[in-house]
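[1] I'll drop the sequence and a predicted model, then ask my questions.
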Amino acid sequence: MKEKKAEKQKYALVTGGSRGIGRAVCIQLAKDLDYQILINYNSNKAAAEETLKLVEEAGGKGELLPFSVTDAEAVKSALDNWHQTHENDIIEVIVNNAGITQDGMFMWMKYEDWSKVIDTSLNGFFNVTNHLIQKLLVNKYGRVINMVSVSGLKGTPGQTNYSAAKGAVIGATKALAQEIAKRNVTVNAVAPGFIRTDMTNDLDEKELKRMIPANRFGEAEEVAHVVSFLASKKSGYITGEVININGGIYS
């Protein structure tokens, strides 16, 4: 008797998936779509394990995949090892969510605060997506979703580095979308405004919400719903877009 071929398992990779918006995205994808979730993290293993537990509680399955998106060799090694142990499986969805802020006025900004932010958002996008893109093209299906920001669209004072990084990813999103649309691979960006997460804990919410027409900060789950839609088959004719989730702030 012939052995039955193992069914190909499909995965969604979320970089920076251990906390905040990344965690909400992992949980939402597990709820909505038939993907196992690859939860990438850099150093906070406990937070990543908590995300995995929440994914499983939501009825999904997942794995932890530690690497720093800024380290091209580490990205290559981690993904190559993963493919070796998952020979028949495929990563169909890439959510480039990893990002950091190092805020400060440009005139006093240190080079390391500039390069760290650019490295994480922009080079992180390149390192992960460039390594996986060929498999999506051969497969003739895929979704690339880049987490950007209102800062990348309108610029935010005190965040010249972050605005530059996210603005660059927006440009890359639009260009790459046109390169690979014929292969049924879409590339879109999601641009949150002020979202209640660890990253915004130190902000004066009471003061800032006055400039938001919706008069409140957003929730990570609201961002995750949009990412989940873009990761689904329903979004096949949307590519090269930047979708704002900012409560009406000019962008």
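    Yep, that arrived.

[2] Please state the offset of the lengthiest helix in the chain from the chain centre?
    Counting residues, the longest helix found in the chain (DSSP state H) is helix 160-180. Between the centre of helix 160-180 and the centre of its chain there are 13 Å (Cα atoms, centre = their mean, to the nearest Å).

[3] Please apply the same query to stretch 41-52.
    For stretch 41-52 - counting by Cα atoms, centre = their mean - the centre lies 16 Å from the chain centre.

[4] hmm, who's touching that stretch?
    Stretch 41-52 is touched from outside by 16-19, 22-23, 26-27, 39, 62-64, 66-69, 98, with contacts defined as Cβ atoms under 8 Å, 6 or more residues apart in numbering. Any C-beta I mention is one placed from the backbone N, CA and C, and that applies to glycine too.

[5] what do you get if the cut-off is 10 Å, keeping everything else the same?
    Applying Cβ atoms under 10 Å, 6 or more residues apart in numbering, the contact partners of stretch 41-52 are 14-20, 22-27, 30, 37, 39-40, 60-71, 74, 98, 100, 120, 198.

[6] ok, which stretches of this structure are strands?
    10-14, 36-41, 62-66, 90-96, 142-147, 185-192, 195-196, 218-219, 242-245 (DSSP state E).

[7] Between helix 160-180 and the fourth one, find me the angle.
    It refers to strand 90-96. Our comparison of strand 90-96 with helix 160-180, counting by axes from the mean of the first three to the mean of the last three Cα atoms, to 10 degrees, yields an angle of 150 degrees.

[8] picking that back up, may I have the longest helix of the chain as CSV, with CA atoms only?
    Only the C-alpha atoms of helix 160-180 are listed here, as CSV (Å, rounded to 0.1, in the frame of the first residue of the first chain):
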residue,chain,number,x,y,z
THR,A,160,11.9,61.7,12.3
ASN,A,161,13.6,58.3,12.4
TYR,A,162,10.3,56.3,12.8
SER,A,163,8.6,58.5,10.2
ALA,A,164,11.5,57.8,7.8
ALA,A,165,11.4,54.1,8.4
LYS,A,166,7.7,53.7,8.0
GLY,A,167,7.6,56.1,5.0
ALA,A,168,10.2,53.9,3.3
VAL,A,169,8.2,50.7,3.9
ILE,A,170,5.2,52.4,2.4
GLY,A,171,7.2,53.1,-0.8
ALA,A,172,8.5,49.5,-0.8
THR,A,173,4.9,48.2,-0.4
LYS,A,174,3.7,50.0,-3.4
ALA,A,175,6.6,49.0,-5.6
LEU,A,176,6.7,45.4,-4.7
ALA,A,177,2.9,45.1,-5.1
GLN,A,178,3.3,46.0,-8.8
GLU,A,179,6.2,43.6,-9.3
ILE,A,180,4.3,40.5,-8.1
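
[9] ok, back up a step: would TSV of the strands of the chain with mean neighbour count and mean pLDDT be doable?
    What follows is these, written out as TSV (neighbours: other Cβ atoms under 10 Å; pLDDT from 0 to 100):
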stretch	mean neighbour count	mean pLDDT
strand 10-14	24	98
strand 36-41	25	98
strand 62-66	19	98
strand 90-96	25	98
strand 142-147	25	98
strand 185-192	25	98
strand 195-196	18	90
strand 218-219	18	95
strand 242-245	18	98
